[in-house]
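Asks: need a structure here:
(one chain, ligands or ions: 1)
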Amino acid sequence: MNAPIGVFDSGVGGLTVAREIMRQLPEENLVYFGDTARVPYGTKSKETVIRYSKQIIRFLLSKGVKAIVIACNTASAVCLPELAALYDVPIIGVVEPGANSAAKATKNKNIGIIGTNGTVKSGVYTKLLRKKDPEITVVTKACPLFVPLVEEGLIDDRITEDVTQRYLSELKGYDIDALVLGCTHYPLLMNPIGHYMGEKVTLVNPAYETAKTLKATLNEKNIANTEGNGGNHEYYVSDMVEQFLTFADRVLPCHVDKVNDIEIEKY
Ligand code: DGL
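Replies: Next comes the predicted model:
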């Protein structure tokens, strides 16, 4: 089935998840939507994130998508079960795959989770991990400044090192051996975070397991693209086309030359 997969995020960060889907499922067509007019979601209420997500899902369904990936950790954390129950297409979030990866990665059963305020406040990562294994202990920390630092391109910068130390120093006291990068932007900070936490801590990017879960779901439902005409990617945003293009060039292995600006409030 060559219908596309819909991938959405509060903005540009979800391209880190789209990138992994492209890598693991190169034969699939994608429609990516970034809600660049209404980002960030990490500071918004659950009701607002649900309302935005429903509009986006209606838009993606109008594009004929066969499955949807919520690339945004915040939206996955606060509203995946509600949304999945409402629509016929499979909807996959990034939180459960991220928790599964972390449970596999840890040996000492001490796991750290970093994300937006919304993700951390939801407590969903902790709940899923404790359900998987009640012996797991979880320590969480919201790192809201990481998002603007990544969007400014300040990856290998002194200011990012300082912020990393400020946020992560308290995690060092908990003897964690796995740290979930529970926000779309954080995998782009693998270097400063990995350098600060040290090599005994495995950094978990939920995107990897999310793409694996998507692949398994497509196969199970018999809707994977086997028609040989895939690999087409379309991009939509609700604002800031130029900024999206610059970010896309930094994150994706392929050049994006067209982004469509749409009025998401209409959906
Ligand atoms: N995409 C969001 C997430 O992964 C980060 C940016 C935001 O706060 O909207 O949680």
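Asks: how about the residues of the chain by the ligand?
Replies: 9-11, 13, 39-42, 72-74, 115-116, 119, 147, 183-185 (C-beta under 6 Å from any ligand atom). All C-beta spots, glycine's among them, are computed from the backbone N, C-alpha and C.
Asks: pLDDT weak spots in this structure?
Replies: Judged against pLDDT under 70, the chain has no low-scoring part.
Asks: quick one: the helices in it?
Replies: Here the chain has its helices, by DSSP state H, at 15-24, 46-62, 73-86, 95-105, 117-122, 124-132, 146-151, 158-168, 190-197, 206-220, 241-251.
Asks: now the fourth one and helix 124-132, what's the angle there?
Replies: Right, the one you point to is helix 95-105. Orientation of helix 95-105 against helix 124-132 (axes from the mean of the first three to the mean of the last three C-alpha atoms, to 10 degrees) gives an angle of 50 degrees.
Asks: helices or strands up against helix 95-105?
Replies: On a contact count with 3 or more C-beta pairs under 8 Å, 6 or more residues apart in numbering; DSSP states H and E, helix 95-105 meets helix 73-86, strand 110-115, helix 124-132, strand 178-182, strand 202-204, helix 206-220.
Asks: counting contacts, what elements does the shortest one pack onto?
Replies: So the one you mean is strand 202-204. helix 95-105, strand 178-182, helix 190-197.
Asks: show me how far the longest one is from its chain's centre.
Replies: Its chain's C-alpha centre lies 13 Å from the corresponding centre of helix 95-105 when counted by C-alpha atoms, centre = their mean, to the nearest Å.
Asks: that helix: which residues count as buried?
Replies: Val95, Glu96, Pro97, Gly98, Ala99, Asn100, Ser101, Ala102, Ala103, Ala105 (16 or more other C-beta atoms under 10 Å).
Asks: from memory the third one sits against Asn205, does it?
Replies: Meaning Pro97. No. Using C-beta atoms under 8 Å, Pro97 is not in contact with Asn205; the gap is 10.0 Å.
Asks: report the buried residues of stretch 20-39.
Replies: Neighbour counts over stretch 20-39 (16+ other C-beta under 10 Å) mark 20-22, 25, 28-39 as buried.
Asks: coming back round to it: same list (the helices and strands packed on strand 202-204) but as CSV, adding distance to Arg130.
Replies: Below are the helices and strands packed on strand 202-204 laid out as CSV (distance: least, C-beta to C-beta, whole Å):
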stretch, distance to Arg130
helix 95-105, 10
strand 178-182, 14
helix 190-197, 22
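Asks: closest to Thr126 out of those?
Replies: Closest of the helices and strands packed on strand 202-204 to Thr126 is helix 95-105, at 8.9 Å (criterion: C-beta to C-beta).
Asks: show me what Glu234 is bridged to.
Replies: Val31 (DSSP bridges).
Asks: tell me the contacts of it?
Replies: Pro4, Leu30, Val31, Tyr32, Lys63, Asn260 (C-beta atoms under 8 Å, 6 or more residues apart in numbering).
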